[in-house]
Each structure stands twice: as structure tokens, then as C-alpha cells.
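3D model of this:
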Amino acid sequence: MSGNTAGPARGWLALLCASRLLQSMIVTAYSGVLPFAMADWHMTAAQAGSIQSAWHVGYMSSLFAVGLLADRYGPQRIFFTGSAVSAAAALAFALFARDHLSAMLLYGLAGLCAGASYTPGLQLLAHNTEPAVRGRAMGLFIGSSSMGYALSLAVAAASSHLHQWRLGLLAAAVCTVAGAVLTAQALRRMRLPSPPAPGAIREGTLHALAATVRDKPAMAGNWAYAFHCWELMALWAWLPAYLVASSGVASSWQGAGIALAALAHLVSVFGSIAGGAASDRLGRARVMMIATVASLCMSFAFGWMWSWPLWLLAAAAAVYNLLAIADSSVYSTALADVVAPHRLGVAFSVRSVMGFGAGALSPWVFGLALDWGQGSFGIGSTHAWVAAWSSAGLGALLGPLMIARFSRLHRAHVAAR
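Sure thing, here's the model as predicted:
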């Protein structure tokens, strides 16, 4: 897979997005079966949350590593090889997880292998698009992830209705294999970065890391992304369990709760695409600020909706998901706008450590808050869920300040050119 300078062939973006859709299904596979695994494996809420946190710790580590490797060996090689390894790890989790410890270790391993389908994909997408349409393309890529999350939860709902919730995990893992196959097809149609010329001087990894950390606009955007991830990862991990708990004890209604969580993710596809496209017209920082403030309001309000009818709560969840995801692609686009291409992989690595480091903690903290709330106010209490969802909002409160800082520094940087 050597580099080429020809334009990308028709259909490259559709194949890239389809690959991303299928490979992202494993991300929400566990959250879709969390309430059933929690009961069958006799876990507390904190233990259940720690399994999702293990995924994010592994994912964070892989994103950092593949970003560095992609700058050195080319994103196309890492994208192709990593997708195959990720599929194998997903299958191992689906087949061999049996209790809290094994699930935490195997899901963490799946996360550790999954980063190769994300960061190198962003680099290749940036290489194949012009800045004027990059936001929309990033939105389609991130929106494909949301579509995968929704499909995974829909499969989990169907398998839970059949009282075979483990089938949902296996189906998601099989889809990652199909996604890896599509990765190869997408790469054949893309314009690939040319490898460095023999004897060319490469910027060292440590030098690139230091340059990224000193890059004030990039780091302000990365901090904003970290606070965004705190909120978003808690939402993704616990939304299905929240809707299931609100629906009652009947198994048919529990399946409906997960299906409605899938619908909420499906609606968020529009948020990703609309947010990315809007950032091309209105500016990155403005869209980030609007979406962040709106989703923060939902974090502090969502727990109070516990006693709403299920259909109305699901509608609110869809709005919450849409607002929380609307600026996800914009953070990636904004970073590509301000960072030199030769160290974009390193910059994505730094961002990933910050974002998914925060995202690794928030599902566990959410579970701790829920355990505390249920111990203090009783299981099924509105106040227990208010405490849990408020933990998602509290961890993201500094996001608007970092977005404002990014906007100011970016404007100053552009004016100084």
C-alpha cells in the first residue's frame, strides 16, 4: 500500500464510513447488555461501569500508540493491520468473557486493539479532503460511528428479547470482521500519503510531542475535547441501563428500553453530520460552544426525567445524544485545521490520551454516584439517577472555557500569519 498523489476514486468515503460503522459496533456492545450482564454476573454498578472504563483505558492507549506509528509508518499501514487485530480481539471478548474480571480484561484488550480504525482513518480522511468540505466529511465519518452504535444496541435489544443477550456481543464482534474487510477496499480507492523519501529527515517523536504540547490553540482544543469526552462516554455507557431501569422489570419492556437507546444513537447521526457541516459555514468554535452548553444543560436535567413515560424519556435521550455528539467531529476538524500535517498523528495521539482518559473515568464515577445515590435514597429513586447524571455534567463544566480559549488563540494565530 504505497502512497500515491492521484485524487481519490469515487466511493472512497462511502467505503471508509461503512468500515467505520461496522467496526464501531463493538464500542456499545457491552453497554447494550450491561443490565443483563450486571444481573447474571452479580456486579455492583461501580463494577459494571469499570468494564466500560477498561475499554476506554485500552482505547486511549491504542489511540496514542497508533497516532505515533501512523506518522512514522503511514496511516494506511496502521489502519489496515490494526483493523484485523481489532476484529480478533472483539471476537475474543464475545466468546470468552464470563464474569466481571474476565470481561474487564477482555473488553480492555478489545479497546486496546480498536484505535487503529479511528485515528489513522481521521488522518486519511484529512488527506483526501479540502478544508472547505472537511467538516462535512468528518461529520459523515463520526456519524457512521453513531450508526454503528445504534445498530449494535438494536441487535442487543433483539438478543435480550430472545433471552440470549450474549448473541448481541457475538454479532457485534462478527461485524468488526466485516469492517476490517471493507478497510482494504476503502484503501484501494483513496489517495494515500507518500512515504518519506530515502534519507529524508524525520521529526523525532519526542520533538513532535513537545511541539504539540507547546501549541496553545491545539492544546486548548484538546482540553475542550477531554471535557466533552467525560460527558459523552458516561452517556453512551449508561443510557441503555437507564432506559431499561425506567421501563420496569418486564423483559419485553427491557428490550424496548435498549431499542429506544439505539434509536437515540440513530438520531445522533444527524447531529454528527449537521454539526460538521455547520462548522464549515459558521466556524468550528461557535458550533462547539453551542453544542457543549446545550448538552451540559441536558446532563443536569436528564436524571430528573426518570419518572417520565418511557416514550417521552426516549425522546429526551435522543435530543441529549444529538447535542452531545454534534461537536465530536468538529474537534477533530479543528485540530486538523491548526496542526501541521507532518505531526497530525501525534496531535491526535495527545488528544486521544486526554479525551479517552477522561472518558475512561466517567462511566466508573457515574457508577459510584449511582451506588451512592441508591444507598442514600433507595433503588429506583429519582435522586439516585440525578446524582449519577450530574456527575457527567460536573466533569464537563470547564468545556466552554476551553472552547473560548481555543477560539481566541486560533484567531490570534491566524492574524499573526
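
Can you name the residues that contact Thr205?
With contact taken as C-beta atoms under 8 Å, 6 or more residues apart in numbering, Thr205 is in contact with Leu68, Asp71, Arg72, Val346. C-betas here are computed from N, CA, C, even on glycine.

Then Ala404?
Contact analysis of Ala404 by C-beta under 8 Å, 6+ apart lists Ala285, Met289.

element containing it, please.
Assignment of secondary structure by DSSP states H and E places Ala404 within helix 399-416.

Give me the buried positions along that helix.
Of all the residues in helix 399-416, those buried under the rule 16 or more other C-beta atoms under 10 Å are Gly399, Pro400, Met402, Ile403, Arg405, Phe406, Ser407, Leu409, His410.

got a markdown table for these, with distance to Val338 too?
Below are the buried residues of helix 399-416 laid out as a markdown table (distance: C-beta to C-beta, whole Å):
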| residue | distance to Val338 |
| --- | --- |
| Gly399 | 18 |
| Pro400 | 19 |
| Met402 | 14 |
| Ile403 | 14 |
| Arg405 | 13 |
| Phe406 | 9 |
| Ser407 | 11 |
| Leu409 | 9 |
| His410 | 6 |
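
elements contacting the longest helix seen in the chain?
Determined from DSSP state H, the single longest helix within the chain is helix 344-377. Where contact means 3 or more C-beta pairs under 8 Å, 6 or more residues apart in numbering; DSSP states H and E, helix 344-377 is packed against helix 45-73, helix 119-127, helix 205-214, helix 216-247, helix 328-338, helix 382-394.

Which of the contacts of Thr205 are buried? Put it as a ChimeraX command.
Only the buried entries of the contacts of Thr205 go into this ChimeraX selection, using 16+ other C-beta under 10 Å:
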select :68,71,346
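
related to what we said a few turns ago, quick one, which of the helices and strands packed on helix 344-377 gets closest to Val287.
Comparing those by their distance to Val287 (C-beta to C-beta), the top pick is helix 328-338, with 5.3 Å.

Give me the mean pLDDT for the closest one.
When pLDDT is averaged over helix 328-338, the result is 81.

got the contact list for it?
122, 126, 131, 134-135, 138-139, 141-143, 215, 217-218, 221-222, 224-225, 228, 232, 272, 275-276, 279, 284-285, 287-288, 291, 344, 347-348, 351, 406, 410, 413.

Next up, the contacts around the nearest residue to Gly395 once chain neighbours are set aside.
Of all residues not flanking Gly395 in the chain, Trp230 sits nearest, at 3.9 Å (C-beta to C-beta, 6 or more residues apart in numbering). Listed by C-beta under 8 Å, 6+ apart, the contact set of Trp230 reads Ala358, Gly359, Leu361, Ser362, Ala392, Gly395, Ala396.

surely the fifth one meets Glu231?
This points to Ala392. Yes: applying C-beta atoms under 8 Å as the test, Ala392 and Glu231 come out as touching, 4.9 Å apart.

quick one: common contacting residues for these two?
Both Ala392 and Glu231 are contacted by Ser299, Ser362, under the criterion C-beta under 8 Å, 6+ apart.
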